[in-house]
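1. Curious how this folds, go ahead:
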Amino acid sequence: MKSLAILIIFLFFNSNQEKLYGKFKIEYEDRFKSQNGIVIFKDSIYERHLKNGKVVKGKIKYKKFSIELEDVGTNLEMDFYKGDIDKDTIFFNTRDLNNKAVTNNDIVINSGKLIRLKKEKSL
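-> Next up is the predicted model:
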């Protein structure tokens, strides 16, 4: 019984999930190169600074096995595998939330990669 209590306490204190922090270069596939730029992650929010000067803000949703990036004011969502959070290159897919809501199929609009520019420690 003691070992069960210790295990539960260990899991409770060890459940502190990692958050996404840092500055990344975002590169889309050829067709969507106009969306390339820099993205800055801070805990549960992010900002994408596009080459044309436009800034897109969004929210980060931490799921069990994935991380979803949802732009504020659009119907687009980027997602990638949560296990890649510490890697220097993260491959992602972008989906249209309107299509996802109508059908339960995931229709990938485009894909790309995030390349870490500066590693920051979480606070």
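
2. Identify each buried residue in stretch 54-70, please.
-> Using 16 or more other Cβ atoms under 10 Å as the test for burial, stretch 54-70 gives 56, 58, 60, 67-70. C-beta here means a position set from N, CA and C on the backbone, and glycine is covered the same way.

3. helices or strands up against the lengthiest strand in the chain?
-> Criterion DSSP state E: the longest strand present in the chain is strand 108-118. When contacts are defined as 3 or more Cβ pairs under 8 Å, 6 or more residues apart in numbering; DSSP states H and E, strand 108-118 sits against strand 20-28, strand 89-96.

4. Now render the buried residues of stretch 54-70 as TSV, adding pLDDT and distance to T89.
-> Output for the buried residues of stretch 54-70, formatted as TSV (pLDDT from 0 to 100; distance: Cβ to Cβ, whole Å):
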residue	pLDDT	distance to T89
V56	91	21
G58	94	20
I60	95	18
I67	94	15
E68	93	19
L69	93	16
E70	92	22
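
5. R95: what's it in contact with?
-> By Cβ atoms under 8 Å, 6 or more residues apart in numbering, the residues touching R95 are 76-79, 106-109.

6. So which of those wins on neighbours?
-> When neighbours are counted by other Cβ atoms under 10 Å, M78 leads these with 25 neighbours.

7. what sits opposite it in the beta ladder?
-> L69, T94 (DSSP bridges).

8. re earlier: quick one: closest of the helices and strands packed on strand 108-118 to S34.
-> strand 20-28 (8.2 Å; Cβ to Cβ).
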